[in-house]
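Novice: fold the following, please.
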Amino acid sequence: MDIKFNRLIPELSVSDIEKSKKFYLSLGFSILYERKKEKFCFMEFNGNQLMIEEVNNHWNTGDLQYPYGRGINLSMEVDDIDSLYQLVQENHYPIFRQMQIDQYQVNDKIYYDKQFLIQDVDGYLLRFTN
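Specialist: Here you go, the predicted structure:
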């Protein structure tokens, strides 16, 4: 299978690769490939690509403490935000910010995003938009 890699692909250090894979798979991500020995997984959902790797101290610039990824949120546009939001609620995942419509001014134009935010098992902030 040929994979078309996005130009920007976040890689998240995770505390437990199996728990993280289970979480992301439950949201609808699929595994495009993984290196099990290295505890690495490359995933995709609606064209959003993400790499997760169990903490190995290769990439750490400091001590990791929960919640990981402080100061960053990963914005991912999805096809069916309402179904995803319902799935998140059914799984009782903690919602960081409830579904809402926000407006953003870009130069002389206003854009509207329907969005909600959750945290993954390590506390990374995920923003799903449509």
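Novice: which parts of this protein are strands?
Specialist: Using DSSP state E, the strands of the chain run over residues 11-14, 30-35, 40-45, 48-54, 73-77, 95-106, 109-119, 125-129.
Novice: counting by contacts, list what the first one packs against.
Specialist: So that's strand 11-14. strand 48-54 (3 or more Cβ pairs under 8 Å, 6 or more residues apart in numbering; DSSP states H and E). To be clear about C-beta, it is placed using only N, CA and C from the backbone, and glycine gets the same treatment.
Novice: if we can go back for a sec, so for Y66, which of the strands of the chain sits nearest?
Specialist: strand 109-119 (9.7 Å; Cβ to Cβ).
Novice: before we move on, the earlier item: can I get the strands of the chain in TSV including mean neighbour count, distance to F5 and mean pLDDT?
Specialist: Output for these, formatted as TSV (neighbours: other Cβ atoms under 10 Å; distance: least, Cβ to Cβ, whole Å; pLDDT from 0 to 100):
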stretch	mean neighbour count	distance to F5	mean pLDDT
strand 11-14	19	12	96
strand 30-35	12	9	98
strand 40-45	19	9	98
strand 48-54	19	7	98
strand 73-77	16	16	97
strand 95-106	11	27	96
strand 109-119	15	25	97
strand 125-129	19	20	97
